[in-house]
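S.K.: need a 3D model of the following:
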Amino acid sequence: MKRTLGVLLMVVISILFMSACAQAASAESQSVTVNNVKINYVEQGAGDEVLVFVHGYAASLAYWTEVLELVPEEYHVYALDLRGHGQSGQPGSYQLPEFVEDIYAFTRELGIEKFTYVGHSMGGKIGYQFALDHPDVLKGLFLVTPAPAHDFLPFYQRAGFRAQMTSMFGSPEMIRGYLAQASMTPLSEELVRALVSGSMAGDPAAKEECVEWWIGTNLEPELQNIRVPTLILAGAKDSLPLGWERRYASQIEGCCFEVWEEGGHMIPLDSPQRLVDLLVSFIEDVSKG
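M.R.: Here you go, the predicted model:
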């Protein structure tokens, strides 16, 4: 009897080990070339529900690390490095339409028919434009503390953000300082190293160019034209005014608006399990129609 239990235990352990190895292998970095730019990405899971994760300013797909670890295996997940970020190519041009078309071409190249777009910060502003340009391929739009949809140059100048943004991600020490300030919970040293490495690998020209359209492009008048199921998640402790996101949500037909009172700007790092729970709930609600 003891021998039988021992054999069964070894079989279970072997199955779990092989499953873990398969998942780890599936999450290894891959790349595909679209619009003459190499796009670095990771892929995991399987199933009909496809999710595409898009990171924020001066970041990389590493910002989704803990979120991806918690997404149920039945979801087919992709997380990519935008052009000029992380391990993706550095073509020297980093305008909003180019990011949108890269993501669209990426999904076409990989045979993804429809998917839920998950964007954080600058990835959220890209998401607004993506939903306007390519609504036919979207099942849903899930935006986490998205960058302002409107032109907020006056606010940016008044608060001295321009100088901060262009210098904040210029060195490992500055990035570490930003993460310590922006995160609401302590981050592991392993994760911090990955975040710093991903940011430093990006093209400095991308950091400069993205700032200009990130703060100077006004998409707000077009938000009323978004016709895909949308959820905007805001953090009450984010440095950007909460009222802005609330205003955007009111202009998108049927948009859900969530505020986490204890949340800051870095919700993917601070509350990955809660974020995944909300994301799964959103996808299930969209699927029910």
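
S.K.: when you work out contacts or count neighbours from here on, use the C-alpha atoms and nothing else.
M.R.: OK.

S.K.: A234: which element?
M.R.: strand 230-235 (DSSP states H and E).

S.K.: C-terminal to that strand, what's the next element?
M.R.: Using DSSP H and E, the next helix or strand after strand 230-235 towards the C-terminus is helix 242-251.

S.K.: ranges for the helices of the stretch 1-150 of the chain?
M.R.: 2-26, 65-70, 96-109, 122-133 (DSSP state H, counting those that start in this stretch).

S.K.: send the alpha carbons of the strand holding A234 over as PDB?
M.R.: Presented in PDB, the C-alpha positions along strand 230-235 are these (Å, rounded to 0.1, in the frame of the first residue of the first chain):
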ATOM      1  CA  THR A 230     -14.600  49.100 -22.200                       C
ATOM      2  CA  LEU A 231     -13.500  49.200 -18.600                       C
ATOM      3  CA  ILE A 232     -11.300  51.900 -17.100                       C
ATOM      4  CA  LEU A 233      -9.600  51.100 -13.800                       C
ATOM      5  CA  ALA A 234      -8.300  54.000 -11.800                       C
ATOM      6  CA  GLY A 235      -6.300  54.300  -8.600                       C
END
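
S.K.: show residues contacting it.
M.R.: Defining contact as Cα atoms under 8 Å, 6 or more residues apart in numbering, one finds that strand 230-235 is touched by 140-146, 242, 245, 249, 252, 254-265, 267, 282.

S.K.: which of these are buried?
M.R.: Using 16 or more other Cα atoms under 10 Å as the burial test, the contacts of strand 230-235 include 140-146, 245, 249, 252, 255-259, 263-265, 267, 282 as buried.

S.K.: now stretch 132-148: how far from the chain's centre is it?
M.R.: 11 Å (Cα atoms, centre = their mean, to the nearest Å).

S.K.: one step back: just checking: what are the partner strands of the strand holding A234?
M.R.: Strands adjacent to strand 230-235 in the sheet, as given by DSSP bridges, are strand 138-144 (parallel), strand 256-260 (parallel).

S.K.: so can I have JSON lines of those showing mean pLDDT?
M.R.: Below are those laid out as JSON lines (pLDDT from 0 to 100):
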{"stretch": "strand 138-144", "mean pLDDT": "98"}
{"stretch": "strand 256-260", "mean pLDDT": "98"}
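
S.K.: of all those strands, which lies closest to Q164?
M.R.: Closest to Q164 of these is strand 138-144 (Cα to Cα; 21.8 Å).

S.K.: helix/strand/coil for the closest residue to D270 other than its chain neighbours?
M.R.: Distances taken as Cα to Cα, 6 or more residues apart in numbering place T185 nearest to D270, at 5.5 Å, with adjacent residues excluded. Secondary structure, DSSP: H, G, I helix; E, B strand; the rest coil: T185 is coil.

S.K.: P268 is in contact with T185, correct?
M.R.: No: counting by Cα atoms under 8 Å, T185 does not reach P268; the two are 11.1 Å apart.

S.K.: more neighbours: which of those two?
M.R.: More crowded of T185 and P268, by other Cα atoms under 10 Å: P268, with 24 against 16.

S.K.: helix or strand right after the helix or strand hosting the more buried one?
M.R.: Taking DSSP H and E as the criterion, P268 maps to helix 267-270. Following helix 267-270 in sequence order, the next helix or strand is helix 272-288 (DSSP H and E).

S.K.: circling back to that earlier point, lowest average pLDDT across the helices of the stretch 1-150 of the chain?
M.R.: Per-stretch mean pLDDT for the helices of the stretch 1-150 of the chain is lowest at helix 2-26 (a mean of 36).
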